[in-house]
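J.: 3D model of this:
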Amino acid sequence: MSQGAPEYVDIDYTDGEGESAADYPRIEDKIEKAIEVVHEGLEAYESPAVMWTGGKDSTLTLYFVKEVAEEYDLEMPPVVFIDHFQHFDELHEFVERWADRWDLEVIYARNEDVGSLADEPGEEIAVADLNEANRHHVHEILEYEEDTFPFLLDTYVGNHLLKTVALNDALEAHDIDGILSGIRWDEQEARAEETFFSPRHDPDIYPPHDRIQPIVQFDEGDVWEAFWGVVVPEAVPEWPDEGYVPQDYDDLPEGVTHEDIPVSPKYFEGFRSLGSEVSTEKSDEEPAWLQDLEGTTERAGRAQDKEDLMQRLRDLGYM
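T.: Below is the predicted model:
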């Protein structure tokens, strides 16, 4: 792919500039904008893909993409799942189950070179043992000067190599020109000024492409409102019409199991963010949507979530 946006892409990169969730006061307004952005993205890009982590935000984004593709008779793009080797087992099971049910083409993005050098999280990896490309990232891009680094997702080096490099390799290998991502303005300060279409055109950092971000206008509570009001009832024929919201892990409608709903069971267990098994803790004992979403921090259970780190990672191509 050449530097800059492809000539065939005609996108307003300022759409959403200076806005906040308050500019979309009703859940209907947020959903309408999400569908508009997805539709424009699927029409504008020749080789789009959906970033899918199995978490609530990316699954909501995926739902909108599916609906738009079906409604407008557009080709359903593949999904990219970054396998950083430290996911919850339940997350892998969730992704595989719903990829099969929704007939999705899944591209697994893995940095196999790094993954092959450690057996357990936390194990030290020698920089000298990395392949040339990964050593370039460590020395020239990250300017990391130590001889080893821990095999942990929630560190500067680990996150970059296991997530960003894996993603960039997949973008290049599959010639992806636009990737639909489920980030939100309210998640972190580093994402608060994102727009609905965000350019990533510097070939020295990543394969030039655009980020298509249809749910930046949602806050955490909006995501759950959309799930229990729209996504789950659409996906589960047996779901009560009155908009049933489960109150605990076992509180599902008669005849419905956790495997029947497109919501990871980890959210029922009290996790609000699904980073990595070794460095993410549950926020409370209540299901995620019943917790104090306004008075507490969504990603407090994730070790990597420090704003200066997140901004540096974003600059290097992290989501």
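J.: could you report the pLDDT at S279?
T.: Note on S279: pLDDT of 77.
J.: please read the previous query as pertaining to W98.
T.: Note on W98: pLDDT of 98.
J.: start from the N-terminal end of the stretch 51-200 of the chain and give the helices.
T.: Along the stretch 51-200 of the chain, the segments classed as helices by DSSP state H, counting those that start in this stretch run 56-71, 89-101, 112-115, 132-136, 156-159, 166-173.
J.: need the least confident one among these, by mean pLDDT.
T.: Per-segment mean pLDDT for those reaches its minimum on helix 156-159, at a mean of 92.
J.: by contact count, what packs against that helix?
T.: If contacts are counted by 3 or more CB pairs under 8 Å, 6 or more residues apart in numbering; DSSP states H and E, helix 156-159 sits against strand 148-150, helix 307-315. Where C-beta positions appear, they are placed from N, C-alpha and C, glycine not excepted.
J.: chain center to it, what's the gap?
T.: Averaging C-alpha positions (CA atoms, centre = their mean, to the nearest Å) puts helix 156-159 17 Å from its chain's average.
J.: what do you get for stretch 18-35?
T.: In terms of CA atoms, centre = their mean, the centre of stretch 18-35 is found 19 Å from the chain centre.
J.: next, the distance between the ends of that stretch.
T.: 20 Å (CA to CA, to the nearest Å).
J.: buried sites along that stretch?
T.: 19, 21, 24, 27, 30-31, 33-35 (16 or more other CB atoms under 10 Å).
J.: make CSV out of those and add pLDDT, secondary structure and distance to P246.
T.: What follows is those, written out as CSV (pLDDT from 0 to 100; DSSP: H, G, I helix; E, B strand; the rest coil; distance: CB to CB, whole Å):
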residue, pLDDT, secondary structure, distance to P246
E19, 94, coil, 32
A21, 91, helix, 25
Y24, 97, coil, 26
I27, 97, helix, 19
K30, 98, helix, 22
I31, 98, helix, 21
K33, 98, helix, 28
A34, 98, helix, 24
I35, 98, helix, 26
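J.: between those, which is nearest A69?
T.: Set against A69, the nearest of the buried residues of stretch 18-35 by CB to CB is I35 (11.2 Å).
J.: would you map the strands across the chain?
T.: Secondary structure of the chain (DSSP state E): strands at 48-51, 79-82, 106-109, 124-126, 148-150, 178-180, 197-200, 209-212.
J.: compare those strands and give me the one nearest D251.
T.: strand 79-82 (29.3 Å).
J.: so how far is that closest one from its chain's centroid?
T.: Using CA atoms, centre = their mean, the mean C-alpha position of strand 79-82 is found 9 Å from that of the whole chain.
J.: name the helices or strands packed onto it?
T.: Against strand 79-82 (3+ CB pairs under 8 Å, 6+ apart) you get strand 48-51, strand 106-109, helix 166-173.
J.: what sits up against the last one?
T.: Under the contact criterion CB atoms under 8 Å, 6 or more residues apart in numbering, helix 166-173 has outside partners 1, 51, 80, 82-84, 107, 109-111, 176, 179, 206-207, 209, 317, 319.
J.: least reliable of the helices and strands packed on helix 156-159 going by mean pLDDT?
T.: Among those, helix 307-315 carries the lowest mean pLDDT, a mean of 59.
J.: surely H39 and Y72 touch.
T.: Yes - at 6.4 Å, H39 counts as touching Y72 under the criterion of CB atoms under 8 Å.
J.: spit out the contact partners of the closest residue to K30 other than its chain neighbours.
T.: Nearest non-adjacent residue to K30, counting by CB to CB, 6 or more residues apart in numbering: Y24, 4.6 Å away. Applying CB under 8 Å, 6+ apart, we find Y24 in contact with 30, 33, 217.
J.: could I get the residues you listed as JSON lines with distance to T14?
T.: Formatted as JSON lines, the contacts of Y24 follow (distance: CB to CB, whole Å):
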{"residue": "K30", "distance to T14": "19"}
{"residue": "K33", "distance to T14": "15"}
{"residue": "Q217", "distance to T14": "15"}
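J.: low-confidence regions, this structure specifically.
T.: 1-5, 299-319 (pLDDT under 70).
J.: D186: how many residues sit nearby?
T.: Neighbour count of D186, defined by other CB atoms under 10 Å: 20.
J.: quick check: closest non-adjacent residue to it.
T.: Once flanking residues are discounted, D186 sits nearest to D219: 4.5 Å by CB to CB, 6+ apart.
J.: wait, that neighbour sits on R184?
T.: Yes - using CB under 8 Å, D219 is in contact with R184, at 6.7 Å.
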